[in-house]
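**Q** Following is a predicted model, sequence given first.
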Amino acid sequence: MAKKHKSKHARAVIGIDIGGTGIKGGIVDLDKGKLIGERYRIPTPQPAIPEAVAGVVAQIVAELSSRPDGPGPEVPVGVTFPAIIQHGVARSAANVDKSWVDTDVDALLTKALGREVQVMNDADAAGLAEARYGAGKGIDGTVLVITLGTGIGSALISQGRLVPNAELGHLEVDGVDAESRASASARERDGIGWEEYAQRLQRYFSHVEFLFSPDLFIVGGGISKRSEDFMPLLDLRTPMVTANLKNNAGIVGAALQAAVHFDLLD
Ligand code: BGC
């Protein structure tokens, strides 16, 4: 339910990014789309089952809340999760523990934190942050944010609005799940060079381009640091740029979505 939260910290919201190896959090300044202070990271517990992960999220929120800039308990927390999240419930588990499927992540974390929570897909969060504060700022039309990491994440943004859970990493390309060949982890697993990897990306991006005719591709994920090794090798009609917010895009997007959902922004 949308509620009005009046607080002197209403424009500073905690964002948490749940990943396969680390759970990271930060206090986000929503005017700037930047973190206030350092981010805080704890390795993801193994096995990464719901209760254990919720415990770590609570630890991170407690640390951030104890800082002088920490938002009070009346301010909701935004959280990303690397799976389909439909109305707070996980509906897939491609690269996470299978016990998450059908878990009400929103309810689990609301209980663990004792405050309002807004949960969303990790790539959707990164995409939202890029569209508002980063490489997609001011772009009218369709922006596709594709994150190349353990899997392939995607965010579909049209006229600044997110269409959640696009899951374009699971398009079938050449008879296989696209992320099994074109993710950053597939490149490492197969020990291939940049040219061969660029050929896989070419197949992937030209298919996505054909389906959506986007106005801009934004490429995120750790591998975007090496964009000069593969981007010049791609031949697409859509302009392609790297994500601006780098490691913090998920944290910023999660905080932003929580603020929008709970009506904290003007
Ligand atoms: C999942 C997506 C997620 C992406 C990046 C994919 O395997 O299906 O939900 O956004 O990985 O983490």
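**A** The structure has been received and is ready for your questions.
**Q** Might you list the low-confidence residue ranges for the stretch 101-250 of the chain?
**A** Low-confidence segments of the stretch 101-250 of the chain, defined by pLDDT under 70: none present.
**Q** What are the boundaries of the strands in it?
**A** 117-121, 142-148, 152-158, 161-163, 172-173, 176-177, 216-220, 240-242 (DSSP state E, counting those that start in this stretch).
**Q** For the nearest residue to residue 86 once chain neighbours are set aside, grab the count of nearby residues.
**A** Counting by Cβ to Cβ, 6 or more residues apart in numbering, residue 165 is the residue found nearest to residue 86 once chain neighbours are left out, at 6.5 Å. The way it works is simple: take the backbone N, C-alpha and C, and place the C-beta from them, glycine included. Summarising burial for residue 165: neighbours were counted as other Cβ atoms under 10 Å, giving 18.
**Q** now residue 51
**A** 10.
**Q** Tell me the secondary structure at it.
**A** helix (DSSP: H, G, I helix; E, B strand; the rest coil).
**Q** Quickly note the distance from the closest residue to it other than its chain neighbours to residue 125.
**A** Once its chain neighbours are removed from consideration, residue 51 has its nearest residue in residue 108; the separation is 8.0 Å (Cβ to Cβ, 6+ apart). Here the criterion is Cβ to Cβ, to the nearest Å. By it, residue 108 lies 18 Å from residue 125.
**Q** Neighbour count for the two, which is higher?
**A** residue 125 (33 against 20).
**Q** Need the residues that contact stretch 225-232.
**A** Contacts to stretch 225-232, defined as Cβ atoms under 8 Å, 6 or more residues apart in numbering, come from residues 194, 197, 198, 201, 219, 223, 240, 242, 246.
**Q** Separate out the buried members of these.
**A** 197, 198, 201, 219, 223, 240, 242 (16 or more other Cβ atoms under 10 Å).
**Q** Tell me who's in contact with the fourth one.
**A** Applying Cβ under 8 Å, 6+ apart, we find residue 219 in contact with 145, 146, 147, 148, 227, 231, 240, 241, 242, 243.
**Q** restrict these to contacts with the ligand.
**A** Applying Cβ under 6 Å from any ligand atom, the subset of the contacts of residue 219 adjacent to the ligand comprises residue 147.
**Q** Just the buried ones from the contacts of residue 219?
**A** Buried members of the contacts of residue 219, counted by 16+ other Cβ under 10 Å: 145, 146, 147, 148, 231, 240, 241, 242, 243.
**Q** separation between the spatially closest residue to residue 110 that is not a sequence neighbour and residue 256?
**A** With Cβ to Cβ, 6+ apart as the criterion, residue 110 has its nearest non-adjacent residue at 4.8 Å, and that residue is residue 117. Using Cβ to Cβ, we find residue 117 at a distance of 14 Å from residue 256.
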